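K.L.:
Have a look; sequence and predicted model below, questions after that.
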Amino acid sequence: MKYITGIKKSLLHLLFPHVCEGCGSDALSSESCLCVRCIHDLPATGFEKHAFNPIEKMLAGRIPFEKATAQFYFTKEGLMQNLMHRFKYRGNSTLGKQLGVLMGIQLSRSNRFDDIEALIPLPLFENKERQRGFNQSNVLCMGIAEVLNLPIIEDAVIRPVHTDTQTKKAG
Ligand SMILES: [Zn+2]
């Protein structure tokens, strides 16, 4: 029986190999979507550690805020673009949650965000969420929440209903 289970496992690995979402290597732990090298190569901004970082400068005077950050650089054809594609469009929410966990670790290490009381994911337009099957900012929040041990408030922000009929009427 053990022998058969072994064969079944090998066959499953052959048919559905567990490989890194970033580079395709199969040298990764079973609970991770990324190999150690890809995690190391993620283009982290380090903005969360500093006041007056580029995001805070960009938002200053435009909206009221306490602290702001963006945690990864997005470069075309880069690792991050590949991962975002797999997360957003191919629906790999396990990968999204892992990226959220990595964000949570960065935020926690910075100590600048220790006074956060809750996480509020921004909603997608309803039809977009239906199309995609999930809201990616919600998935990221689940990863962040796991590290920072914070509640997620999903209904604090409402996106106004976006209707095609209005566009048609205007035209
Ligand atoms: Zn990799």
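P.N.:
It's in.

K.L.:
and the protein, which residues reach the ion?
P.N.:
Residues of the chain lying near the ion by Cβ under 5 Å from the ion: 20, 22-23, 25, 35, 38. To be clear about C-beta, it is placed using only N, CA and C from the backbone, and glycine gets the same treatment.

K.L.:
export those to TSV and tack on neighbour count?
P.N.:
Below are those laid out as TSV (neighbours: other Cβ atoms under 10 Å):
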residue	neighbour count
Cys20	18
Gly22	21
Cys23	15
Ser25	13
Cys35	20
Cys38	20
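
K.L.:
Reformat these as CSV; add pLDDT.
P.N.:
Shown next, in CSV, are those (pLDDT from 0 to 100):
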residue, pLDDT
Cys20, 96
Gly22, 94
Cys23, 94
Ser25, 93
Cys35, 96
Cys38, 96
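
K.L.:
which residues touch Thr75?
P.N.:
Neighbouring residues of Thr75 by Cβ atoms under 8 Å, 6 or more residues apart in numbering: 43, 81.

K.L.:
Okay, now the unreliable bits of the chain?
P.N.:
The model of the chain has pLDDT under 70 over residues 1, 9, 11-14, 162-171.

K.L.:
Report the distance from the longest helix seen in it to the chain centre.
P.N.:
With secondary structure taken from DSSP state H, the chain has its longest helix at helix 93-110. Between the centre of helix 93-110 and the centre of its host chain there is 7 Å, according to Cα atoms, centre = their mean, to the nearest Å.

K.L.:
which residues are in contact with it?
P.N.:
So helix 93-110 is contacted by 21, 32-34, 39, 42, 44, 48-49, 69, 71-72, 83, 86-87, 113-114, 116, 134, 136, 139-148 (Cβ under 8 Å, 6+ apart).

K.L.:
Helix or strand next in line after that helix, which one?
P.N.:
Sequence order places helix 126-132 as the next helix or strand after helix 93-110, per DSSP states H and E.
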